[in-house]
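Novice: Okay, here's the prediction I keep looking at, along with the sequence it came from:
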Amino acid sequence: VWSTYHPAALLRDPSRKASIEDHLRLLHRNLTGQGAQAVVLAVPDRALCTPGHPVSRVAFDIETYGKLSTCPEQNYFHPLKSAAYDGVPCRDQVKTAAISWRGEDGSLRHTAFVLSNPFDLRQLWAWLRWLHENRVEVVGQNIQFDLMSMRAAYPECRAWLDHPLPLCELMVLNYLHNEVRPERSLKDLAPLFGITVYDKEFVRYPTDDDPALLTYNVQDTDATLLLAEYLEKAIDQDYTGTSKLSPYCREWYSDLVWLSVWMSEWGIPMDESALREIYTNQYRPMMDKMER
């Protein structure tokens, strides 16, 4: 079953045309047998070493205690709230992690880590240190949650999971391409663009080293990496000469994610009234003056 906007909605908001086109392309792919295929067909290799060649970007994702049937249900998505209200200590919240990247030949590579396994943990530390030292961009869906969870569970890795490690948030790329697209989550975007399909049923796994859990974790990182590449290509094609992906903008959004991480860790909310005042009294007059 697919749903899209009623054509009359375009009379009120013509910008939704792009979303309807997305949905019709999805329908066409499935009617012609070209629907999304799973990007991960086998259990990923465990705890591979860092690549022996330059890599500009990796996708990173974690799975937390809510995915295990032996743990409490996860009702909170801030490590301190999970510890206080779900009763799961920060150190026990992150169960697995996965990384995807492009091999030297351009092929999609991936690996998974079980964090209760000492060898896997050492290998993951080696990856995080390598990413930080080489300034490799880390792309993720809701990457703020992954970073906060890792930093709370393993304070020893904060030196590597910190600014100026460059970040790319998939939701930002999606917004830069189409700010009215109704699909926002990885599970909705992946089939929309023919990347992969997910089982809609929420599954909890018996152990943290369950092959099905590791496959699911890597499916997320593969889909994230492929979606980031797709959206960047679409932005370049649909907005010729745009500055949306300029080094300045990428750094600005990366810094914004880090700011959100730090503010969330310290319990500092955004002050909407103060932001509006800055916009009204400083930014908007400056832009008007430049336009004149």
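Specialist: All right, it came through fine.
Novice: Does residue 72 belong to a helix, a strand or coil?
Specialist: Here residue 72 is recorded as coil under DSSP: H, G, I helix; E, B strand; the rest coil.
Novice: Let me know how buried it is, in neighbour terms.
Specialist: Close neighbours of residue 72, defined as other C-beta atoms under 10 Å, add up to 13. (Glycine included, C-beta is placed from N, CA and C.)
Novice: In contact with the nearest residue to it once chain neighbours are set aside, which residues are there?
Specialist: What sits nearest to residue 72 in space, not counting adjacent residues and going by C-beta to C-beta, 6 or more residues apart in numbering, is residue 86, at 5.0 Å. Taking C-beta atoms under 8 Å, 6 or more residues apart in numbering as the criterion, residue 86 is in contact with 65, 72, 73, 74, 75, 76.
Novice: And the closest residue to the first one other than its chain neighbours, how close does it get to residue 94?
Specialist: Taking C-beta to C-beta, 6+ apart as the measure, residue 65 lies nearest to residue 71, with 4.0 Å between them; neighbours along the chain are not counted. Computed as C-beta to C-beta, to the nearest Å, the residue 71 to residue 94 distance reads 12 Å.
Novice: Looking at the two, which is more packed in?
Specialist: residue 94 (22 against 18).
Novice: Ramachandran coordinates for the more buried one?
Specialist: With angles defined as degrees, to the nearest 10, residue 94 sits at phi -90, psi 120.
Novice: That one pairs with what?
Specialist: Beta-bridge partners recorded for residue 94 (DSSP bridges): residue 64.
Novice: doesn't residue 61 make contact with it?
Specialist: No - assessed by C-beta atoms under 8 Å, residue 94 is found out of contact with residue 61, at 10.9 Å.
Novice: how about the helices of this structure, start to end?
Specialist: Remark: helices assigned in the chain by DSSP state H are 9-12, 17-31, 79-81, 118-133, 143-153, 170-177, 186-192, 211-238, 247-266, 272-278, 284-291.
Novice: Ok, which of those helices comes nearest residue 3?
Specialist: With C-beta to C-beta as the criterion, residue 3 lies closest to helix 17-31 of these, at 7.8 Å.
Novice: list the helices and strands that closest one packs on?
Specialist: helix 186-192 (3 or more C-beta pairs under 8 Å, 6 or more residues apart in numbering; DSSP states H and E).
Novice: repeat that with 10 Å
Specialist: helix 9-12, helix 186-192 (3 or more C-beta pairs under 10 Å, 6 or more residues apart in numbering; DSSP states H and E).
Novice: ok, residues contacting it?
Specialist: For helix 17-31, contacts defined as C-beta atoms under 10 Å, 6 or more residues apart in numbering pick out 2-7, 9-10, 13, 34-36, 177-183, 189, 191-194, 238.
Novice: re the thing from before, let me have the helices of the chain in TSV, extended by mean neighbour count.
Specialist: As requested, the helices of the chain are exported to TSV (neighbours: other C-beta atoms under 10 Å):
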stretch	mean neighbour count
helix 9-12	11
helix 17-31	14
helix 79-81	16
helix 118-133	17
helix 143-153	21
helix 170-177	20
helix 186-192	20
helix 211-238	20
helix 247-266	15
helix 272-278	10
helix 284-291	9
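Novice: TSV for these, including mean pLDDT and distance to residue 107?
Specialist: Output for the helices of the chain, formatted as TSV (pLDDT from 0 to 100; distance: least, C-beta to C-beta, whole Å):
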stretch	mean pLDDT	distance to residue 107
helix 9-12	89	41
helix 17-31	85	23
helix 79-81	95	35
helix 118-133	97	19
helix 143-153	97	24
helix 170-177	95	21
helix 186-192	89	19
helix 211-238	94	11
helix 247-266	96	25
helix 272-278	89	44
helix 284-291	83	45
